[in-house]
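Engineer: Could you work out the structure for the sequence below:
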Amino acid sequence: MSGGLVALLDDVAAIARLAAASIDDIGAAAAKAGTKAIGVVVDDTAVTPRYVTGFRPERELPIIWRIARGSLRNKVLFILPVALLLSQFLPWAITPILMVGGAYLCFEGAEKVIEAFGGHHESAAESEAKLSSEAHEQQMVAGAIRTDFILSAEIMAIALAEVANEPFALRAVILLVVALIITALVYGVVGLIVKMDDFGLRLAQSGSGAARALGRGLVKGMPVVLGALSVIGTAAMLWVGGHIVLDGLAKFGLGGPAHFLHDLAVAAGHAVPFAEGFVEWLVETLGSGLVGLVLGGLIAGLLHLRPGKSKAAH
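Structural biologist: Next up is the predicted model:
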């Protein structure tokens, strides 16, 4: 009897060790897959605050929470199952779907540029009335979730490429872990950024001398930071969207534009050897952003030429 119990305990211990090793493998694979997607994660973090800026302080965290829930729903209920099924049965279809999403990002970014340079600028009263309306909040949340959907699809596609050779079930678990961690990371950072001015105000009102100075600095500096993030977020839409489209064209045998941009970046990097890597990245990023701006501008122009669209604008 005791021998059977010892054998059973040995089996349980072996299973526990195997489970622990599997968890370690999943964690390592998820970390590797998530690291590959870090560039798009940073872009996602930069894009989101622009959808929250300007709302009353008490609405900021609830709005971020709504966007985060929508982002997780996008990843787990839509992107993850579709990506797994496509990778298993129709792997060629992933690229054109991503290209459509990239074109949408280009359009969104170009629309923001057009609005900034030639659009209607609201009065303070109009802005206050809009920001206090539930309909506007719903519109901004929906817009943030739509944009997040494209960026999340790109993140998950990059992560999927890193684990493409794993068994189907393990692939699914790894991508689920990536989805959970990246969503928590992105929206945790966004929440900290958006509420930093409130933290600064508390320091300025109740802290010590140094803390009050830091608090005043945060209160004065955060509007500048949020304004810069809004610009960076718009630029991120353009360069991520442009990169997706260029990469997709290359995969379909139309690699001329991507190769030209890469060669240009390499030449620019060689010209500045002490910062070669940064210059190459900068040139490729600016080039992708320019492609995104041109493509997005063309899409926006075509949409604004539709019958009824111009009438609605007046």
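Engineer: Might you list the low-confidence residue ranges for the chain?
Structural biologist: 1-44, 46, 50, 53-54, 119-132, 207, 306-314 (pLDDT under 70).
Engineer: now the helices: where do they sit in it?
Structural biologist: Here the chain has its helices, by DSSP state H, at 2-36, 38-47, 57-73, 80-89, 94-118, 124-131, 134-162, 168-206, 209-251, 256-271, 276-304, 309-313.
Engineer: most tightly surrounded among these?
Structural biologist: helix 38-47 (a mean of 21; mean count of other Cβ atoms under 10 Å). Every residue, glycine included, has its C-beta placed from N, CA and C.
Engineer: Pull up the gap between the nearest residue to Gly70 once chain neighbours are set aside and Phe260, please.
Structural biologist: Counting by Cβ to Cβ, 6 or more residues apart in numbering, Ile145 is the residue found nearest to Gly70 once chain neighbours are left out, at 3.7 Å. Ile145 sits at a distance of 35 Å from Phe260 (criterion: Cβ to Cβ, to the nearest Å).
Engineer: just Pro62 next, same as before
Structural biologist: Applying Cβ to Cβ to Pro62 and Phe260 gives a distance of 46 Å.
Engineer: and if you look at Ile67?
Structural biologist: 37 Å.
Engineer: Ok, Val279 next?
Structural biologist: 17 Å.
Engineer: before we move on, what about Val100?
Structural biologist: Taking Cβ to Cβ, one finds Val100 at 23 Å from Phe260.
Engineer: can you check Gly289 too?
Structural biologist: Counting by Cβ to Cβ, the gap from Gly289 to Phe260 is 15 Å.
Engineer: can you check Tyr104 too?
Structural biologist: 24 Å.
Engineer: Please apply the same query to Ile97.
Structural biologist: 25 Å.
Engineer: can you check Thr48 too?
Structural biologist: For Thr48 relative to Phe260 (Cβ to Cβ), the value is 32 Å.
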